[in-house]
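Asks: Starting from these lines, generate the structure:
(2 chains, ligands or ions: 2)
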Amino acid sequence: MLFKVAWRNIWRNKTRSIVVIASVAVGLFAGMFMMAFFMGLVKQEISSAVETQLSHIQIHNPAFADDKEVSDTIANAAAIIEKLKNDSTVKGVSGRVVAAGMISSSSAAMGVEIHGINAADEKKVSSISGEMKEGIYFSGKKNEIVIGQKLAEKLGVKLHSKIVLTFQSVTGDLTAGSYRIAGIFRSRNSAFDEMTVFTNDNELGQLLGTRSGIHEIAVILKDDKNVNNAATELKKQNPALLVQTWTELSPEMALITGIFDQIMYIIIGIILLALMFSIINTMLMAVLERQREFGMLMAIGMNKPRVFFMVVLESVMLTCAGIPVGILLTIGVVEYLAKHGIDMSAFSKALSQFGFSNIVYPELQTSMFLPISLMTGLAAILSAIYPAVKALQFKPAVAIHKI
Amino acid sequence: MSYVIEAHNLTKIYNPKTIPVYAVNGVDLQVEEGEFTALVGPSGSGKTTLLNLIGGLDYPTTGDVKIAGVDITKMSENKLIDFRLQNIGFVFQAYNLIPVLTASENVEFVMLMQKKPKREREQHAIELLKEVGLSDRLNNRPTELSGGQQQRVAVARALASKPRFILADEPTANLDSKSTENLLDIMAKLNKEDKMTFIFSTHDQRVIDKARRVVTLVDGKIVSDEKQTQSS
Ligand SMILES: Nc1ncnc2c1ncn2[C@@H]1O[C@H](COP(=O)(O)OP(=O)(O)OP(=O)(O)O)[C@@H](O)[C@H]1O
Ligand SMILES: [Mg+2]
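Replies: Numbering: from 1, shown residues only, chains lettered A, B, ... in the order given. Ligands and ions are numbered 1, 2, ... in the order given. Reported below is the predicted structural model:
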């Protein structure tokens, strides 16, 4: 019956209670939506980085990873690639010849990382082939190169322009090759676009003098949850090689998700702290205007723990009524925007500089509902303490005769 | 014969440091079980203060109050609440009832505080409301009841805890004469049939006429204490 009394007491002043419930709901929505937005942004960024740069797993000769000497190829690359291609959990494998070099047009020169690839294999691992702005992703002709739009702008070159790549061969001689631009791509990451060029692996191997040597094996799995298991397995099979997952290749990116989690709780905490003032205020008003009633209740035998409990209960019920509203609001809005996306093109220039995309698809963080609900409940209890103590201080003899 | 209430040399001084008001001044009062006693006196004579003291709603400046032999003036506030719950029924002039509860829930509420089982609470509440003539108003909230009906619910509520006695401070002050008579009849009946002890303060001569004992206060002192025979 105490629950009944508390619940009905909340509705004695409907407007006031609705204001509190609405502010709790909106406060929680704001926090949870922000989380969904940033998580969506981060997850998109991660998958974009995985698709363009990182892959799920990369395999290198440990020496190559250290100083990028072209002589440090992967010893039994062909066998490893063959094996991975036959693995049913693997979506794509690409062996790459990688060299640092210089790209020069008639007007400019830039340092780049040259990826010698097999177009058919690389297509299964990287999304670049789907991000062509001009031309095509290798036609099979000789001396083709695919470069990023940003780089093309800097070099002042167009589709089908001729450029020259210069790099050190395996013997240490400076070697140059002349290429024609077959395609220009634009990924979400303009830094990557500026730094990476693609050519045929065999041609590059020949110029480098590494022949069929491979520097990098990139693997994409069918299910990204298997990454760690697959990497462990590969490490076991190839103890001499460096096997890295995308989180190892880019630990800062993996960290971001965890950091956002913590930031989120801090933000929700701040929102709740602000809400607490409104709850305290409301509960204090509710208690003070019922002074005579509390006097009467204590006169007829409602003891102090019960009075205290009732005030806390009212506060918790009032506040927690906002939780489902806030959660439903969040689910509704986030689900909708997860389908339709939030167009951030107004800010896209700045965003794409950091590799973020134009359209953000927020991602619902259902795992936060419980901890956030508990935090809100705690805030409600804390907010009730002062009003409840106030209620206990009423003297029945005085309170009853207050007009 | 032991007394249900024994007040000895009771004094209550308000504002002792500034302008002291001797609201109750050296009162000795004994009440026996089964009394139907009116506390009368001019406004400001100390009726409410005295009722508060013997009901354990306030502490005296000096003197003591024994309820069934237990001195309540030494109890802590919280202990006193539980003591009131088990021993004393209250009917106030107004604002007796919990506004969000129905008549029967209001009556049940004290029994809930006493941790009585639900079945017993519900049954007893219905019985009590029937006794005060409100069996057709069980599920009405206070705002849906007349002043007289509200006071009858308050009497039923006061009875619900099975107290030793009921204190009523001007229970009829806000009632019209018909409701006043009705409430007094119910109280008199409960007094007669169930031996429930009532002590009530009043200004109303018709209410005073119904009492069997009339204690008159003036300036916080008892100036007369008379038994009167009952016509009804
Ligand atoms: N809380 C208080 N502080 C100071 N003085 C008080 C207080 N309560 C009562 N008094 C004073 O004590 C005296 C007795 O008051 P009390 O309310 O007991 O009288 P009463 O007989 O009940 O009067 P009424 O018939 O008007 O209800 C009065 O002079 C009153 O002004
Ligand atoms: Mg009075």
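
Asks: near ligand 1, which residues of chain B show up?
Replies: B:14, B:15, B:21, B:23, B:41, B:43, B:44, B:45, B:46, B:47, B:48, B:49 (Cβ under 6 Å from any ligand atom). Where C-beta positions appear, they are placed from N, C-alpha and C, glycine not excepted.

Asks: which of those lies closest to chain A?
Replies: Closest approach to chain A among these (Cβ to the nearest Cβ): residue B:48, at 6.8 Å.

Asks: measure that closest one to residue B:96 for me?
Replies: 15 Å (Cβ to Cβ, to the nearest Å).

Asks: Please apply the same query to residue A:139.
Replies: Taking Cβ to Cβ, one finds residue A:139 at 94 Å from residue B:96.

Asks: Those two - which one has more neighbours?
Replies: residue B:96 (23 against 10; other Cβ atoms under 10 Å in any protein chain shown).

Asks: Wondering if the host helix or strand of residue A:42 reaches chain B at all.
Replies: Using DSSP states H and E, residue A:42 maps to helix A:14-49. No - using Cβ under 8 Å from any Cβ of the partner chain, helix A:14-49 stays clear of chain B, with a minimum separation of 12.9 Å.

Asks: That helix: which residues count as buried?
Replies: If you call a residue buried by 16 or more other Cβ atoms under 10 Å in any protein chain shown, then helix A:14-49 has these buried ones: A:17, A:20-21, A:23-46, A:48-49.

Asks: so residue B:12 sits right up against residue B:57, yeah?
Replies: No - the pair residue B:12 and residue B:57 does not pass the contact test of Cβ atoms under 8 Å, sitting 11.5 Å apart.

Asks: Of these two, which one has the most company?
Replies: Neighbours of residue B:12 and residue B:57, each counted by other Cβ under 10 Å, are more numerous for residue B:57; the result is 27 against 24.

Asks: My guess is that one contacts residue A:300. True?
Replies: No - here residue B:57 does not reach residue A:300: they are 10.3 Å apart, not a contact under Cβ under 8 Å.

Asks: Tell me where the stretch 101-250 of chain A has strands.
Replies: Secondary structure of the stretch 101-250 of chain A (DSSP state E, counting those that start in this stretch): strands at A:109-117, A:132-135, A:144-148, A:162-168, A:174-185, A:196-200, A:216-221, A:242-245.

Asks: any shared contact partners between residue B:57 and residue A:300?
Replies: Shared contacts of residue B:57 and residue A:300, defined by Cβ atoms under 8 Å, 6 or more residues apart in numbering or on different chains, are found at residue B:84.

Asks: quick revisit: which residue in the residues of chain B next to ligand 1 has the weakest pLDDT?
Replies: For the residues of chain B next to ligand 1, the weakest pLDDT value sits at residue B:15, with 88.

Asks: Dihedrals phi and psi, it?
Replies: phi 50, psi 50 (degrees, to the nearest 10).

Asks: so what's the backbone phi/psi at the residue nearest to it when sequence neighbours are not counted?
Replies: Nearest residue to residue B:15, sequence neighbours excluded (Cβ to Cβ, 6 or more residues apart in numbering or on different chains): residue B:21, at 5.9 Å. When read as degrees, to the nearest 10, the backbone of residue B:21 gives phi -120, psi 120.

Asks: Residue B:21 reaches residue B:45, doesn't it?
Replies: No - contact between residue B:21 and residue B:45 fails when scored by Cβ under 8 Å: they sit 11.8 Å apart.

Asks: Neighbour count for the two, which is higher?
Replies: The neighbour comparison of residue B:21 against residue B:45 (other Cβ under 10 Å) goes to residue B:45, with 22 against 16.

Asks: Quick one, which of the residues of chain B next to ligand 1 are buried?
Replies: B:21, B:23, B:41, B:45, B:46, B:47, B:48, B:49.

Asks: Farthest pair within those residues?
Replies: B:21 and B:41 (15.1 Å; Cβ to Cβ).

Asks: For the longest helix anywhere in chain B, give the mean pLDDT please.
Replies: Using DSSP state H to define each element, chain B has its longest helix at helix B:177-194. For helix B:177-194, the mean per-residue pLDDT is 92.

Asks: now stretch B:99-117
Replies: 95.

Asks: Extract the C-alpha set from that stretch and format it as PDB.
Replies: Taking C-alpha atoms only, stretch B:99-117 is exported to PDB below (Å, rounded to 0.1, in the frame of the first residue of the first chain):
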ATOM      1  CA  PRO B  99      -6.100  12.300   0.400                       C
ATOM      2  CA  VAL B 100      -4.800   9.700  -2.200                       C
ATOM      3  CA  LEU B 101      -6.500   6.800  -0.400                       C
ATOM      4  CA  THR B 102     -10.100   5.700  -0.300                       C
ATOM      5  CA  ALA B 103     -12.100   5.600   2.900                       C
ATOM      6  CA  SER B 104     -11.400   1.900   3.400                       C
ATOM      7  CA  GLU B 105      -7.700   2.300   2.500                       C
ATOM      8  CA  ASN B 106      -7.400   5.100   5.000                       C
ATOM      9  CA  VAL B 107      -8.700   2.800   7.700                       C
ATOM     10  CA  GLU B 108      -6.500   0.000   6.600                       C
ATOM     11  CA  PHE B 109      -3.500   2.200   6.600                       C
ATOM     12  CA  VAL B 110      -3.000   2.200  10.400                       C
ATOM     13  CA  MET B 111      -3.400  -1.600  10.400                       C
ATOM     14  CA  LEU B 112      -0.800  -1.800   7.700                       C
ATOM     15  CA  MET B 113       1.600   0.200  10.000                       C
ATOM     16  CA  GLN B 114       0.800  -2.400  12.700                       C
ATOM     17  CA  LYS B 115       1.700  -5.100  10.200                       C
ATOM     18  CA  LYS B 116      -1.700  -6.800  10.300                       C
ATOM     19  CA  PRO B 117      -2.300  -9.300   7.500                       C
END
